[in-house]
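Chemist: the following comprises the amino acid sequence and a computationally predicted model.
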Amino acid sequence: MAEFLAGIDGYRQHPYHRGLESASDAPDVLWQHGSSRLLDYGRCGTSATVDPAPTVLFVPSLINRAYILDLTRDRSLMRYLAASGIRPMLLDWGAPVGSERDFGLDDYIAGRLDAALDAALDDAGQPVVLAGYCMGGLLVMPACLARPSDISALVLMATPWDFHTGSQGDIIKALKFSLETILSALGVLPVDVIQALFAALDPLLATRKFSHFAKLAPNSAAARNFVALEDWLNDGVDLSGGVARECLLGWYGANDAAHGRWHVAGQAIHPQRLVQPVLNIVPRRDRIVPPESADPLSVLIPSAETWRPALGHIGMIASPRAKRSLWRPLAAWIKARPPQH
């Protein structure tokens with residue numbers, strides 16, 4: 001307990017502060033609507049790129065901030081890909097404000113994502129690769145189905161499909177009445193409730209990780225990386241009421257996606273109808289999206305190629321091993337798939 005408390009105190013007093021948003025090599029804002037922005041990391045690369053560079057649009061979850069993909073200068077998948085001769089773009093959903101607090105998935109997918117994709121296509125002048133991380137993988141599938149000629153390939157990164165394979169579905173079903181009460185009263189699912197749901201997956205995780213942090217030298221790279229990641233974890237956003245109902249009660253509660261009952265803009269979402277080359281990345285150490293939840297997509301999608309890196313859900317994006325184990329082969333996979341006009 002003493003180590004745990006010392007770790008929390010050390011974290012709160014650590015001087016690290018993320019400054020990439022104001023840096024001279026911050027990404028350009030290519031498009032913006034409401035709280036959502038499309039960030040272009042093309043000029044953040046340091047090596048020569050092919051002309052035109054393949055463009056890949058990354059779509060993260062609506063629950064966490066998008067900058068996990070650009071966490072620090074040396075832990076940034078976006079900047080790594082830019083330096084590898086690829087033009088990465090990142091859809092930053094932002095936190096819902098005003099009318100966005102009433103958004104459902106249709107508003108985000110058929111509205112914001114569709115408009116961001118238009119902006120990416122107009123600027124790139126060629127079809128793009130779509131990449132979805134976690135919940136973002138589900139969000140990009142409807143776009144691939146609706147606009148096959150605009151999407152040259154699809155990358156799914158720790159994307160859940162069968163929501164009844166782990167304990168998450170049981171947790172949501174047990175809390176259904178409480179969640180409905182909160183949503184009815186507040187109109188959104190507060191970030192504190194979302195954090196509590198994640199904590200329920202591993203109640204002792206905080207104790208372990210802060211006890212470990214207490215043993216690190218405060219000025220070490222390991223300590224700075226811990227603080228950077230923990231800052232991101234604690235910088236979550238509220239989830240709009242409509243999205244919360246569709247995701248928690250529809251996906252997790254009723255398993256609508258796996259049963260073919262999930263619709264976007266009136267169209268049923270069936271992964272088996274995808275025609276693009278698909279890479280399904282299923283981290284073997286993922287506790288947030290268990291591999292057995294993501295594996296069904298490899299069976300359903302005829303063109304799917306499956307990778308199983310020995311990484312975790314966040315480790316695949318932000319761990320020291322991610323660059324060698326995943327980022328490097330991912331860059332090669334993207335560059336090997338030229339856009340088809």
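Modeler: Here it is on my side, so go on. Residues are numbered from 1 along each chain as shown.

Chemist: for the residue in the chain sticking out farthest from the centre, what are phi and psi?
Modeler: Of all residues in the chain, A2 has its C-alpha farthest from the mean position, at 34.3 Å, by Cα atoms, centre = their mean. Main-chain dihedrals, A2, degrees, to the nearest 10: phi -60, psi -40.

Chemist: any idea of the pLDDT on it?
Modeler: Predicted confidence (pLDDT) for A2: 95.

Chemist: state the number of residues packed around H17.
Modeler: 8 (other Cβ atoms under 10 Å). From N, CA and C alone the C-beta is placed, and that goes for glycine too.

Chemist: which residues does stretch 197-211 contact?
Modeler: Outside stretch 197-211, the residues within contact range by Cβ atoms under 8 Å, 6 or more residues apart in numbering are 3-4, 7-8, 11, 167-168, 171-172, 175, 226, 287-288.

Chemist: test my guess that D40 contacts Q32.
Modeler: No: the pair D40 / Q32 is not scored as a contact, 11.7 Å apart, by Cβ atoms under 8 Å.

Chemist: tell me which of the two has more neighbours.
Modeler: D40 (24 against 15).

Chemist: just checking, next helix/strand downstream of the lowest-mean-pLDDT helix or strand in the chain?
Modeler: Lowest on mean pLDDT, DSSP states H and E among the helices and strands of the chain sits helix 168-174, with a mean of 79. Helices and strands here follow DSSP states H and E; after helix 168-174, the next one along the chain is helix 176-186.

Chemist: so for Y252, what's the pLDDT?
Modeler: 91.

Chemist: three-state assignment of it?
Modeler: helix (DSSP: H, G, I helix; E, B strand; the rest coil).

Chemist: spatially nearest residue to it (excluding sequence neighbours)?
Modeler: I172 (4.1 Å; Cβ to Cβ, 6 or more residues apart in numbering).

Chemist: report the contact partners of the one you found.
Modeler: Shown in contact with I172 (Cβ under 8 Å, 6+ apart): 179, 197, 248-249, 252-253.

Chemist: then G125?
Modeler: Each residue near G125 by Cβ under 8 Å, 6+ apart is listed here: P52.

Chemist: swap in L279?
Modeler: 153-156, 304-307, 330, 333.

Chemist: repeat that with 7 Å
Modeler: 155-156, 305, 307, 333 (Cβ atoms under 7 Å, 6 or more residues apart in numbering).

Chemist: next: L274.
Modeler: Counting by Cβ under 7 Å, 6+ apart, L274 makes contact with 144-145, 154, 301, 303.

Chemist: change it to 6 Å
Modeler: 144, 301 (Cβ atoms under 6 Å, 6 or more residues apart in numbering).

Chemist: how much space separates it from V59?
Modeler: In this view, L274 and V59 are 15 Å apart by Cβ to Cβ, to the nearest Å.

Chemist: likewise R285?
Modeler: With Cβ to Cβ as the criterion, R285 and V59 are 23 Å apart.

Chemist: look at the two and report which has more neighbours.
Modeler: Higher neighbour count among R285 and V59: V59, with 30 against 14, using other Cβ under 10 Å.

Chemist: sticking with the closest residue to the more buried one other than its chain neighbours, tell me its helix or strand.
Modeler: Excluding the flanking residues, the one nearest V59 by Cβ to Cβ, 6+ apart is G136, at 4.0 Å. Using DSSP H and E, G136 falls within helix 135-146.

Chemist: heading C-terminal from that helix, find the next helix or strand.
Modeler: strand 151-157.

Chemist: hey, C-alpha coordinates of that next one in PDB?
Modeler: As requested, the backbone C-alpha atoms of strand 151-157 are provided in PDB (Å, rounded to 0.1, in the frame of the first residue of the first chain):
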ATOM      1  CA  ILE A 151     -11.000   2.700 -49.900                       C
ATOM      2  CA  SER A 152      -8.000   0.800 -51.200                       C
ATOM      3  CA  ALA A 153      -7.500  -1.400 -48.100                       C
ATOM      4  CA  LEU A 154      -8.700  -1.700 -44.500                       C
ATOM      5  CA  VAL A 155      -6.700  -2.200 -41.300                       C
ATOM      6  CA  LEU A 156      -8.500  -3.400 -38.200                       C
ATOM      7  CA  MET A 157      -6.500  -3.000 -35.000                       C
END
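
Chemist: scan the contacts of L279 and report the most crowded one.
Modeler: Most surrounded of those: other Cβ under 10 Å gives L156, at 30 neighbours.

Chemist: pLDDT wise, what is it at?
Modeler: On the pLDDT scale, L156 gets 98.

Chemist: who are the contact partners of R75?
Modeler: A318.

Chemist: could you check how far it is from R12?
Modeler: From R75 across to R12, the span is 21 Å (Cβ to Cβ).
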